[in-house]
Each structure stands twice: as C-alpha cells, then as structure tokens.
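Q: Following is a predicted model, sequence given first.
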Amino acid sequence: STWGPFLIGLLREFTQGVARLMASPSKSVIRSSSESSLLNVSSNKATNYAAISPTATTDDLSGIVVDSGYESDVDEIVLKDGRRISTTARPKHVTTLQLLAVIYFCVNSGPFGLETAVRAGGPGLTVLLLLILPWLSNLPIGLLTSELASAMPQNGGYIIWVSRAFGNFWGFMEGWWSFTSSVFDNTLYPFLFLSYFEAAIPGIPFTPFTRYLFRISLCLLVTVSNFIGYQVVGFLSVILALISVAPFLFLGVWGAPEIEVTKLFQFREVAEVNWGLTLSAVLWVTSGWDSPGTVAGDVRHPKKTYPHAVFSAVVLVMISNLLPLAVAISLYSDYGEWSAVSDFWARVALSVDGQTLRASIIIAALLGNLVLFNVLFTTASWSLYAIALPGLMDCAFLTRLQSRFRTPLACLLINFVAVCIASLYTFDGLVQVTMALHGLGMVLECFALVWLRVSEPHMKRPYKIPLSPSFLGIFMLPHISISVANVCTIDKLGQIIVLGITATGITIYFISRLVEAVDQREAGHVGTPQFLDLQEVFEDIPEQVEGVSQEDVPDLGFR
C-alpha cells in the first residue's frame, strides 16, 4: 500500500523534470514565433547547441538580455573584450532526480551506432570502451558544462565561455566547429530512419539514388517544419523520449538469459581494428554529457545535486547500452555483417520476443530518429545564427528573421543544402567527421574551463568542480587525449574534410573582420583623421575663452 504512491510520486517527479526543462525558455532552448520552446531532448549527440533567442533584440552581443532561470548573484557576464551580457533571475527548482532524468534522456536514445563499433573493432573493444569512456571522457564534460553554465547562465553557452576565456576568434571557432559537427550529425538520422522505414514497409524497390532522394525529402520536410516554427514540446516530448528508449530497456532485460559472457570479451588483433571508426561510433552513442548545462541555472543545491545526478546517470546509461548490446553479441556472432544502416535491432528483437518487440523497436527507431533529426536541425540552424551575430561573424544576412514566423530562413536553407551535400557521404564517414569536429570544440571548452580558473579565480561559480586548477587540468586530460586520438585515427578523407572545414572557418572569420572594418571606415566610425577633431577643438575656443573671437581661430586648411 505504501510502495504504489511512492513509485507514482517518483515517476511524476522524474517526468516533471524533463517536462519543465523542455518548456523552459532558458539555456539551449530555442523559442519559435509562437513563444514555444524546444530542448534537444533524448539527443545523445546534441552538444548543448545553445543559441541566441530570436526574441532578444540585439545589435551586438552586449545587447542580449536572457532569462537564465537563475536565483544567484550572477547578474551579468563580462566577455574578454569587455562586452557585458545581462541575465534575469527566477527561483531554482530542479532536484537530483529531475536532473538525472534530463541527463539520461539527453544521453541515451538507444544503442544505434554500436553496430558500427562492433563491426569495426569487435565486441570486446566495444564493450571495454562502453565501460571506461563514460568515466574518462563523458563525466568530465558533464561536470565542465555544469560549472561553466552555472557561472555564465545565458544563451550562447559554449560560444560565450570560450569568448570570455580566449577572445572572439576562438569563440567563433568554437561555434563553427559545433555548427559543422551538427551538420554532419544531422545527416546521420535520415540514414537511420530509412533503414527502419524499409523494415516497416518491406518490398519497396529502393536503389541508391531513390534512397538519397528519400533522405533529401525527409530533410526538406524537417526544414519546412522548422521554418514555420513547429516544435515538439512539453509532456509530449517526454512521451516520445520514453517510447524511444523503453523498447531497448525491455530488450536488454527480457533477453538477459541469452547473454554469454565469454562472447562479450572477444578481442581482435590490434592490426585488425579500425580504431578511428570504433572510437568515433562509441563516442557518438555516448555523447550528450554536456546536457546538465541546459538547466544549470535551475538546479537546487548544485554542489550536491550535480555530482549525485551525473554519477548516477553514468551508471544508468552504461547499463542501458550494455544490456541490449550484450544480448545482440550473444545472438549474432557474425560481427562483420553488423551495420547501423539496416534493421539490425529489429532482427535482434525478433529473436528475443517475436513480432511484438520487433514492431516496438521499429516504432521507437522511426519516432526517435525523426524527432532527433528535427530537434538537431533546429539547434544547428540557430547555432549558425548565433555565430553570425555582430562580434563574431557579423553577417546581417544570416541574422535576419523571417517576418511572419520569426525563424532564420537563411540559416535553415544553408543547413538544408549542407545536409544534402553531406548525405552523399557514407554513414561511417559521417560518424567520424562528426565526432572529430565535436572533439575539437570540446577540447577548446576544456582549455577554457582551466584557463578561467587561473585567470578569474574569483568568478562566481554556483557549482564548482572541487579540484585545484592543476588537478582540474589532469582531470580533463583523458578527454582531451581521447578527442585528439580520435581526430588522428579517422580515415584520411575524414581528416582532409576536418582540416578543410577548419581552414574555411578561419578564412570566414578574418574576411568578416575585414569587411566589418571597411564598413566602419566608410561610416566614419574608425580611421577618422585626428585633425578634424583638432579643428573642432579650435572652433570651440571662442565659446569657452573670453576675449577670443571667431576670427582668431586659425584655419588648418583641412575643410
């Protein structure tokens, strides 16, 4: 009689945390024209793509006024170049269990992608990485985001953090790497959606060209949805998150008797492992640990809540990924045939519990990947909008909002074209480029965290990782090393793409700065000859000094 109300209350608090997060107008939440809001819920790939709210009126970053959801003394944020960003406040309300719900759904959206890791590196290496990466790589990022977001609780997130630490150039590069990473990430979901669409409606004679057209059509649908400002919000998004995750939890639990432990630790020879693809795939599946930053300003008792919630989430996410993977490894030993662009998990479900579980997995895959694609397409477009604001790229064309729906049409179209081009690439290649670009951005954030500890030790930090700057650097070193190793081990074409994207970003930044300087010079804001000011000083003398007439003022000959 007592367990029933307790469990109901526990579930209510768990879902309220996610629902409140999705209805919140703060952090990485994007507002549409109807003032609804969106969070990258259940996105294990979305890296807090916080963007400037389109409802804010800004001439430059100093004009941003943000609802940060914070009850603290952090009233404004001062960037490295002196610009100030103000915040407003409201009471804290997110508990440990609610924060755990936020992290769990943002990180865990199913084991899609692990098929690629097993095929590239074997079952033993994949299981080992799933056991150690959350502690060495994901946990530091979760705590990093918690500290920086609580110290600087405003939209623009990672761009503001890096700009404050290292200036506008590195802030732009942080935004550029994150935007381009999200473009390649966006491209992955139509691949996954199509795989399970074919399983749901078998017999359709798809060819490589018609598959490409299908993916582009899906991208067009999402672009139109974002253009008119349609978003999935509130309790509905909680339900969709549960629908996406629950079948895999059931698969892991129901199929547990099938697990053969000896098969889980079968390792390949080192020379036979595709290290770049294996590492990229596991990192992609387990990313999203920066999600605590999305509610950093709303957390009650942050010094206790953050570590408890993040550590608990690490354990839950590991179990959620390892259980279905262990079942699949035990049932399907032909690992070279595993593929993420197939209905692999539907076939595993069929072997475990028949057609019912298979249908549930297909529905979860279709809904989950479609919602994720829509959400991440939105956040990528607003991320481009954010880095196009004055002070970074300063591109008025990209920051112009459509008059009726108040959405960034130019950013949406650029994102659409970029996804169409990236769709020509292979799924494996997209995963590698996505995580390489994402890793570069996260490395910058690690450096920003440590540098701000050194350069601004008295900054107000409602949550602070309990380590000195030196040990903080050591704590972040594993993640930095893993990110660098990932960039160095992806295939050559992927490295060329990453290098080209980086060079393009640098070029765009300096061209935008040059254009801005020329525009200011033509407008007379910079480069005005000092003798003009001197002439004005001379002409003001008769008004300030007795006995001096206008005829006594020398003509300097410059007018």
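A: On my side now, so go ahead.

Q: Please make it C-alpha for all contacts and neighbour counts, starting now.
A: OK.

Q: Leaving out the residues flanking it, which one is nearest to residue 216?
A: Leaving aside its sequence neighbours, residue 216 sits nearest to residue 420 (Cα to Cα, 6 or more residues apart in numbering; 6.1 Å).

Q: what residues are up against that neighbour?
A: Shown in contact with residue 420 (Cα atoms under 8 Å, 6 or more residues apart in numbering): 187, 216, 219.

Q: Most neighbours among the residues you listed, which one is it?
A: Per-residue neighbour counts (other Cα atoms under 10 Å) across the contacts of residue 420 peak at residue 187, which has 29 neighbours.

Q: Among the contacts of residue 420, which are located in helices?
A: 187, 216, 219 (DSSP state H).

Q: Show me the strands in this protein, by range?
A: Using DSSP state E, the strands of the chain run over 30-31, 37-38, 65-67, 76-78, 84-88.

Q: rewinding a little: looking at the contacts of residue 420, spot the one nearest residue 304.
A: Using Cα to Cα, residue 187 comes nearest to residue 304 of the contacts of residue 420, at 38.1 Å.

Q: Would you agree that closest one is in contact with residue 424?
A: No - using Cα atoms under 8 Å, residue 187 makes no contact with residue 424, being 9.5 Å away.

Q: returning to that earlier point: tell me the pLDDT of the residue nearest to residue 216.
A: What the model reports for residue 420 is a pLDDT of 96.

Q: try residue 85
A: At residue 85, pLDDT is 51.

Q: swap in the one 5 residues further on?
A: Predicted confidence (pLDDT) for residue 90: 47.

Q: Residue 111 now?
A: At residue 111, pLDDT is 93.

Q: How many neighbouring residues does it have?
A: When counting by other Cα under 10 Å, one arrives at 21 neighbours for residue 111.

Q: Please give me every residue in contact with it.
A: 248, 285, 321, 324, 325.

Q: Keep only those of these that are in helices.
A: Per DSSP H, the subset of those in helices is 248, 285, 321, 324, 325.

Q: Next one: the first one from residue 327, what distance?
A: By that I understand residue 248. Noted for residue 248: a distance of 11 Å to residue 327, by Cα to Cα, to the nearest Å.

Q: and what of residue 486?
A: 28 Å.

Q: Same check on residue 147?
A: 37 Å.

Q: thinking again about what came up before, from the contacts of residue 420, pick the one nearest residue 358.
A: For the contacts of residue 420, the nearest to residue 358 is residue 187 (25.1 Å; Cα to Cα).

Q: any idea of the pLDDT on the closest one?
A: 96.

Q: quick one: contacts for it?
A: 419, 420, 422, 423, 430.

Q: Using a markdown table, lay out those residues together with distance to residue 271.
A: Converted to a markdown table, the contacts of residue 187 look like this (distance: Cα to Cα, whole Å):
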| residue | distance to residue 271 |
| --- | --- |
| 419 | 34 |
| 420 | 35 |
| 422 | 30 |
| 423 | 30 |
| 430 | 23 |
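
Q: and the gap between residue 153 and residue 461?
A: Where residue 461 is concerned, residue 153 sits at a distance of 10 Å (Cα to Cα).

Q: Neighbour count: these two, which is higher?
A: Neighbours per residue, other Cα under 10 Å: of residue 153 and residue 461, the larger number sits with residue 153, 34 against 18.

Q: The more buried one and residue 146: what is the separation?
A: For residue 153, the distance to residue 146 equals 10 Å [Cα to Cα].

Q: Quick check: phi and psi on the closest residue to residue 344 other than its chain neighbours?
A: Leaving aside its sequence neighbours, residue 344 sits nearest to residue 338 (Cα to Cα, 6+ apart; 7.2 Å). For residue 338, the backbone dihedrals (degrees, to the nearest 10) come out as phi -70, psi 140.
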